[in-house]
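>>> I need the structure of the sequence given here:
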Amino acid sequence: MDMLTQPTKELVTVPNPHPNRVYTVEMECAEFTTLCPMTGQPDFATIYIQYQPAEKIVELKSLKLYLWSFRNEANYHEACINRILDDFVAVSQPRYAKVVGDFTIRGGIHTKVTVEYTA
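Numbers count the residues shown, from 1 in each chain. Just a heads-up that it's a prediction; the model follows:
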């Protein structure tokens, strides 16, 4: 077991074993955290990523470490989810991708941010 694993902004891809087939991959991370840029308090969310890979797929451990890297950063919800989509698309070059950030209630307001990309 690697106890020295650290968060990173590096998303790793591997060759898609079925690049000629159109299929959808759905991932859910229920333990996402980032910091509120106004108060510094943690914001918690479930991140949903759905994509249709082309030539590459995203390696899941790298995705976990990438999402973990937001934990000590201050981000507005909208900026955070758009950045995740931008970074994901930049490395994986999918046919389609969608990222949803479903943030827990803070100050009586529930926020859900949805962004999409189509090649």
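
>>> What are the buried residues along the longest helix along the chain?
Secondary structure of the chain per DSSP state H: the longest helix is helix 77-92. Across helix 77-92, burial judged by 16 or more other Cβ atoms under 10 Å covers 77, 80-85, 88-89, 92. (Each C-beta comes from the backbone N, C-alpha and C, glycine too.)

>>> Helix or strand next in line after it, which one?
strand 96-106 (DSSP states H and E).

>>> Mind listing residues that contact that following strand?
32, 36, 41, 43-52, 77, 80-81, 84-85, 88-89, 110-119 (Cβ atoms under 8 Å, 6 or more residues apart in numbering).

>>> Residue ranges in the protein under the pLDDT threshold?
Along the chain, segments meeting pLDDT under 70 span 1-4.

>>> the strands in it, which residues?
13-15, 25-35, 42-52, 56-58, 96-106, 109-118 (DSSP state E).

>>> List the strands paired with the third one, with their directions.
Yep, that's strand 42-52 we're talking about. Applying DSSP bridges, strand 42-52 is found paired with strand 25-35 (antiparallel), strand 96-106 (antiparallel).

>>> how far does it sit from the chain's center?
6 Å (Cα atoms, centre = their mean, to the nearest Å).

>>> do stretch 60-75 as well
In terms of Cα atoms, centre = their mean, the centre of stretch 60-75 is set 8 Å apart from its chain centre.

>>> One more: stretch 46-53?
Mean-position distance between stretch 46-53 and its chain equals 7 Å (Cα atoms, centre = their mean).

>>> got a list of contacts for it?
Under Cβ under 8 Å, 6+ apart, the answer for stretch 46-53 is 16, 19, 22-30, 32, 58, 63, 67, 81, 84, 88, 92, 94-102.

>>> and if we set it to 6 Å?
16, 22, 24-30, 32, 94-102 (Cβ atoms under 6 Å, 6 or more residues apart in numbering).
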